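# Pasting a predicted model and its sequence here:
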Amino acid sequence: MRVLVRGAGVAGLAVAHELAVGGAEVTLVEREPAPGGGASWYAGGMLAPFCERESAEPAVLVLGRNAARWWQAALPGLVRFEGTLVVAPPRDSGELARFAARTEGARRLDAAAVAALEPDLAGRFRSGLFFGQEAHLDPRRALLRLHARLVTLGVRCHFGRTAPPPGQRFERTVDCTGMAAGRPGLRGVRGEMLYLETGEIALSRPVRLIHPRFPVYVVPRGAGRFMVGATMIESAAEGPVSARSMMELLNAAYALHPAFGEARVVEASSGVRPAYADNLPRIEAEGDRLFVNGFHRHGFLLAPALAARAARLVLSHDAEPENSDETDRQRQGARVGSDDARSAAGRAEVPRQLLRDSGQ
Amino acid sequence: MAPALYGTALRSRLLLGTAQYPSPAVLAEAVRASGAAAVTVSLRRETAQGGARGAFWELLQGLDVALLPNTAGCHTVKEAVTTARLARELFGTDWIKLEVIGHHDTLQPEVFALVEAARILSDEGFRVFPYTTDDLVVAERLLEAGCKVLMPWCAPIGSARGPMNSDALRALRAHFPETPLIVDAGLGRPSHAAAVMELGFDAVLLNTAVAKAGDPVAMACAFARAVEAGCAAHAAGLLEPRDMAVPSTPTIGRAVFS
């Protein structure tokens, strides 16, 4: 089967990968001159479904659980299985209790345990949470390597264009172009991030600093580089980081460790995350086209599961977009902290849930 | 019967903020399920980026409740006035929740700048909802400046501490019996909301306590009920505390064998 995939962000690359592995003849087109020209390039790359449950729907945990394994299988050696450390300044220790109550899978740490995990944070935090099952990766390396792997799988990739070379025909199209797809109900959530460089501090894993006003994470990228992110602003505006956002990000990094005060700011960028009203991704069918979109802040976490589902739909000619009534009911019941919600999420076949028939 | 604010009758006594929810879908459901009368909108950060009136605003307007734009994050008269003008243009409403922050840590209102900004905006025809402290004299100045609604805090924003100075709130109610009074900021639990409604306040406005709850929709409904209960209790006439026990059943004339 000949399939056209549009968009070479994390979603498009993952979909193309699953299709190619499944035996399809895949062509990929991307508007930008290189892979990851959109929001994916600015992602944190945390494969942290447990932490994300603090504010995300249960589906994020269900769908994101196996993401690290998928990335490890597709791109061996890329994923760091080091878990996630969550800390809060002493004054905000109540926030840590709140975070623990909203999530599962965490081990509580005392000051010595925090220091054992991250020696450079010794003496700075009296308590913390450790999510040992989580992992992280470098999104930029992941995007480039995934593209390289697609090439070896025989995927024809065309950059700098929105349409395939003339004369080619495709049985199906999978659109993963994010905001550019202009799907109904899709909104932009602006995220701003920084890269800091310093040799004065080393971290082994993503560290989340809980702060009632400016929650941030710092992800080590190796070679003294740290990604600090990310704001969440209800806006589809692109353009440079605002002074206020940079101040908040830097403030929080400084609160994590004063050594960041001496770091060099080597990059300040922004991206616009495509999101639906429930902040969950969707697969929508429209004729011979599938739209895979709305990953919000969970591109690297949820792309594997959604890509696998999309590929199954394409390869099996399974056009079945289903009734979403049940989905909506489950979603409504599926709130954090409710036992019913937990069991509902456990029962639910979540990838199917995320299917929407936009034509109905 | 819910209060009329600047001539507009509210459908309930609960007002919600729109920040920090897990998703816009949860926010929408919380507003719907709780029957909230109005929602506040902070536009400073977003419009500063040039991206006004995006999908998020459309979603808010689809909620079919009154929109109360605010000047959150403003620290000076000029900032607040500029933001208010921008809000009027964007949302087509004269309503403005006026915030001028004076202290970074406690987000305490800068009441001198607040009064000045309230006067400027009232003169320009705005319907000003000032976020203020529980200070009686500041309240008087705000009314002189043209405000017809007062929104005192009961504790710092987002602190979830509940009423820290009930006597001050009581004094406001006693001194301004005809002015709609809305407790804005500091409510952490439905019982806090009930407590201030029992003092005779007209409505409450809250955000964090709902948005950051484990189940925001259920918490919004819990607050709505507490607000109703407190309001009904105030109307019904509450018993004042006494120092001695008073039996609810008469003891005189009781049979000796009972």
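Received it, and whenever you're ready, just let me know what you need.
# Spatially nearest residue to A:H298 (excluding sequence neighbours)?
A:V60 (6.0 Å; C-beta to C-beta, 6 or more residues apart in numbering or on different chains). C-betas here are computed from N, CA, C, even on glycine.
# wait, doesn't the one you found sit right on A:L302?
Yes. In this structure, A:V60 is within contact of A:L302 by C-beta atoms under 8 Å, at 6.9 Å.
# More neighbours: which of these two?
Higher neighbour count among A:V60 and A:L302: A:L302, with 28 against 25, using other C-beta atoms under 10 Å in any protein chain shown.
# in a helix, that's where the more buried one is, yeah?
Yes. Counting by DSSP: H, G, I helix; E, B strand; the rest coil, A:L302 is found in a helix.
# quick one: pLDDT of it?
At A:L302, the model reports a pLDDT of 97.
# cool, and B:C154?
pLDDT, B:C154: 91.
# Could you point out the helix or strand that follows the helix or strand the residue nearest to A:H298 falls within?
Applying DSSP states H and E as the criterion places A:V60 in helix A:58-64. Using DSSP H and E, the helix or strand that follows helix A:58-64 in sequence is helix A:67-74.
# hmm, who's touching whatever helix or strand comes next after that following helix?
Scanning forward in sequence from helix A:67-74 by DSSP H and E, the next helix or strand is strand A:84-87. Defining contact as C-beta atoms under 8 Å, 6 or more residues apart in numbering or on different chains, one finds that strand A:84-87 is touched by A:46, A:48, A:50-51, A:96, A:99, A:106, A:109, A:114, A:117-118, A:121, A:124-125, A:127-131, A:134, A:136, A:205-210, A:256.
# Could you list which of the residues you listed belong to helices?
Residues of those located in helices (DSSP state H): A:F50, A:C51, A:L96, A:F99, A:V114, A:L117, A:L256.
# Run a quick neighbour tally on the third one.
For A:L96, the neighbour count with other C-beta under 10 Å is 23.
# shouldn't it be in contact with A:R126?
No. Taking contacts as C-beta under 8 Å, A:L96 lies outside contact range of A:R126: 9.8 Å.
# residue contacts, residue 140?
Because you didn't say which chain, this covers chain A. Neighbour list for A:R140: A:G36, A:W41 [criterion: C-beta under 8 Å, 6+ apart].
# not what I meant, chain B
B:E140 neighbours (C-beta under 8 Å, 6+ apart): B:H175.
# which SSE is it in?
Using DSSP H and E, B:E140 falls in helix B:136-144.
# again with B:T82
If you go by DSSP H and E, B:T82 is part of helix B:77-91.
# Report the backbone C-alpha coordinates of stretch B:26-39 in CSV.
Listed next in CSV are the C-alpha coordinates belonging to stretch B:26-39 (Å, rounded to 0.1, in the frame of the first residue of the first chain):
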residue,chain,number,x,y,z
VAL,B,26,-12.4,20.2,32.4
LEU,B,27,-12.7,23.9,32.9
ALA,B,28,-15.8,24.0,30.7
GLU,B,29,-17.3,21.1,32.5
ALA,B,30,-16.6,22.7,35.9
VAL,B,31,-18.3,25.9,34.9
ARG,B,32,-21.3,24.1,33.5
ALA,B,33,-21.8,21.6,36.3
SER,B,34,-21.5,24.2,39.1
GLY,B,35,-23.8,26.7,37.4
ALA,B,36,-21.1,29.4,37.9
ALA,B,37,-22.4,32.9,37.0
ALA,B,38,-19.3,34.4,35.5
VAL,B,39,-15.7,33.5,34.7
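# mean confidence for it?
When pLDDT is averaged along stretch B:26-39, the result is 93.
# and what of stretch A:134-147?
97.
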